[in-house]
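Q: make a model of this:
(one chain, ligands or ions: 1)
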Amino acid sequence: MPDISIRNQRALTINNIFCIGRNYVAHAEELGNEIETSPVVFLKPTSAVIFEGDRIRLPAMSSDVHYEAELVVAIGREGKNIPRSDALGYVAGYGLGLDLTMRDVQSELKSKGLPWTIAKGFDTSAPLSEFLPSREITDPQDMTFTLHVNGELRQTGKTSRMIFTVAELVSYLSSLFTLHPGDLVFTGTPRGVGRLASGDVLALELETALHAEFHVA
Ligand code: MG
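A: So this is what the prediction gives:
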């Protein structure tokens with residue numbers, strides 16, 4: 001199982017990878033999705049994780065693999081039924097990730113009412129940056145992250161625009177699943193998703209605090 005590194009702190013072995021869909025209004029609209037009244041949750045396998053230096057591999061079964069830049073939360077303590085007011089105390093760190101998605105495969109699965117796992121969980125579909133310790137983040141709902149593809153700005157995420165806040169997501173997930181150290185939460189992508197091609201270079205940035213670059217094989 002891969003470890004994430006939390007700057008100036010311990011490494012955490014990745015446990016469950018929870019992902020939230022449709023957590024920014026403008027992205028839900030660009031895919032023609034409803035705005036949900038509770039978070040949309042799905043999972044990725046740990047085998048999907050890669051780090052800087054590893055290449056993104058586009059699966060042959062898709063001709064429309066999309067990038068989705070997201071704030072990723074790392075859980076540091078075990079918890080169940082965590083109240084929203086305590087939820088941020090369970091967060092060990094914040095990083096950035098890409099929720100890579102075979103959009104054509106996902107659309108077909110969605111139309112048949114089938115789970116998205118295949119479309120979301122392929123090898124290399126979860127590139128991750130390093131993580132900042134949570135004590136360095138004053139307010140997770142006041143951060144801006146960006147994704148550049150081949151030097152061009154494609155996505156800007158303002159966490160103030162999330163439909164469900166980090167605290168709400170952690171509390172909600174813990175009402176369904178016992179959370180453990182090393183669990184990750186991909187918190188959803190803002191508008192601007194698009195197709196990847198071989199040779200693309202993706203650069204994730206969280207203000208000046210984090211930078212991670214990934215190359216598509
Ligand atoms: Mg996503």
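
Q: so which residue of the chain comes closest to the ion?
A: D99 (3.4 Å; Cβ to the ion). The C-beta positions use only the backbone N, C-alpha and C, and glycine is treated the same way.

Q: tell me how many other residues crowd that residue.
A: A total of 26 residues lie near D99 under the criterion other Cβ atoms under 10 Å.

Q: please list all residues in contact with it.
A: 19, 44, 68, 70, 120, 125-126, 186, 189 (Cβ atoms under 8 Å, 6 or more residues apart in numbering).

Q: and the residues you listed, which of them are in helices?
A: Counting by DSSP state H, the part of the contacts of D99 found in helices is K120.

Q: out of the contacts of D99, which touch the ion?
A: 68, 189 (Cβ under 5 Å from the ion).

Q: doesn't L88 belong to a helix?
A: Yes. Assignment of L88 by DSSP: H, G, I helix; E, B strand; the rest coil places it within a helix.

Q: identify the residue spatially nearest to it, adjacent ones excluded.
A: Of all residues not flanking L88 in the chain, A167 sits nearest, at 5.4 Å (Cβ to Cβ, 6 or more residues apart in numbering).

Q: can you add distance to S171, pLDDT and neighbour count and give the contacts of D99 back as TSV?
A: Formatted as TSV, the contacts of D99 follow (distance: Cβ to Cβ, whole Å; pLDDT from 0 to 100; neighbours: other Cβ atoms under 10 Å):
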residue	distance to S171	pLDDT	neighbour count
C19	17	98	27
K44	21	98	23
E68	23	97	24
E70	19	98	27
K120	23	98	26
S125	27	98	23
A126	23	98	28
F186	17	98	27
T189	21	96	29
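
Q: just the contacts of D99: which are in strands?
A: Using DSSP state E, the members of the contacts of D99 that fall in strands are 19, 44, 70, 126, 186.
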